[in-house]
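Enquirer: For reference, the sequence and a predicted model appear below.
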Amino acid sequence: MKTLIHKAENRGHANHGWLNAKHSFSFASWYDPSKIHFGALRVLNDDEVAQGMGFGKHPHDNMEIITLVQEGSLEHKDSMGNGSIMKPNDVQVMSAGTGVFHSEMNPDKNNPVKLFQIWVFPDKGNVTPRYDQKTFLPEDRKNKWQEIVKPDTQQEGDAIFIHQQAWFNLTDMDANNEIMYTNKKTANGAYVFVIDGEVEVNGEKLERRDAMGITEYTNFNIKALSNARILVMDLPMIELEY
């Protein structure tokens, strides 16, 4: 087993007034050559968008984009004709494929919205763009894994599919509980992201918004040192050329 630690305080930070963003990987004007990607995981942004503001209409292509709202609400519109409001416990997936325009706005005039925006490189290019959104109940992840994203090749389960051999799982752990994670595909890596709380993984203490990348593993154990919420992203360890 090999591990790397990404501490929360070492993330990139950009405050644009309307957007206060923390970047786990190089993004926009923040660049760290040691933090370009973790396998197929390219972007993990921890965003807070001010009331009534947001990301105006803009394009994407050939990227799997996953959004998880943590607090508040987010209004989605896109060139495929989709429109929806996201709340906490909702998961949004957009396969940009051959190209799509979309906007993500905070419709609340009084409160900010907090969200994670995650980009994953697809395993096939120029697919037909698509959009999906589902609600995943918190009681279904209490001290157990709740699969929210799965590969397009997996038929079973309620998770939303993406065009990659990747799985995302959430858990809400009570203090002093332990849970084991087993890899879904040989040679995949796992990126463990602590949304809230404190945990111990492989003997390392991780706090809120800390992360650990794990490779060359079969399984690993997570112990909750406090009530905690964990996201594990299980992805191919692809190499990129620059």
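Expert: Happy to help now that I have it. Residues are numbered from 1 along each chain as shown.
Enquirer: can you pull the contacts of Met1?
Expert: 202, 214-217, 220 (CB atoms under 8 Å, 6 or more residues apart in numbering). All C-beta spots, glycine's among them, are computed from the backbone N, C-alpha and C.
Enquirer: repeat that with 7 Å
Expert: 202, 214, 216-217 (CB atoms under 7 Å, 6 or more residues apart in numbering).
Enquirer: Report the buried members of those.
Expert: Buried members of those, scored by 16 or more other CB atoms under 10 Å, are 214, 217.
Enquirer: Save the contacts of Met1 as JSON lines, and put in pLDDT and secondary structure too.
Expert: Below are those laid out as JSON lines (pLDDT from 0 to 100; DSSP: H, G, I helix; E, B strand; the rest coil):
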{"residue": "Asn202", "pLDDT": "88", "secondary structure": "coil"}
{"residue": "Ile214", "pLDDT": "98", "secondary structure": "strand"}
{"residue": "Glu216", "pLDDT": "97", "secondary structure": "coil"}
{"residue": "Tyr217", "pLDDT": "97", "secondary structure": "coil"}
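Enquirer: Tell me which two in the contacts of Met1 are the farthest apart.
Expert: Asn202 and Glu216 (12.1 Å; CB to CB).
Enquirer: what are the pairing partners of the helix or strand bottoming out on mean pLDDT in the chain, and which direction each?
Expert: Within the chain, no helix or strand scores below strand 54-60, which has a mean of 92 by mean pLDDT, DSSP states H and E. The pairing partners recorded for strand 54-60 under DSSP bridges are strand 100-105 (antiparallel).
Enquirer: C-alpha coordinates for the partner strand, CSV please?
Expert: The C-alpha coordinates for strand 100-105 follow below in CSV (Å, rounded to 0.1, in the frame of the first residue of the first chain):
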residue,chain,number,x,y,z
VAL,A,100,-22.3,21.4,-23.6
PHE,A,101,-23.0,24.8,-22.2
HIS,A,102,-24.3,25.2,-18.7
SER,A,103,-24.8,27.6,-15.8
GLU,A,104,-24.8,26.9,-12.0
MET,A,105,-26.4,29.7,-10.0
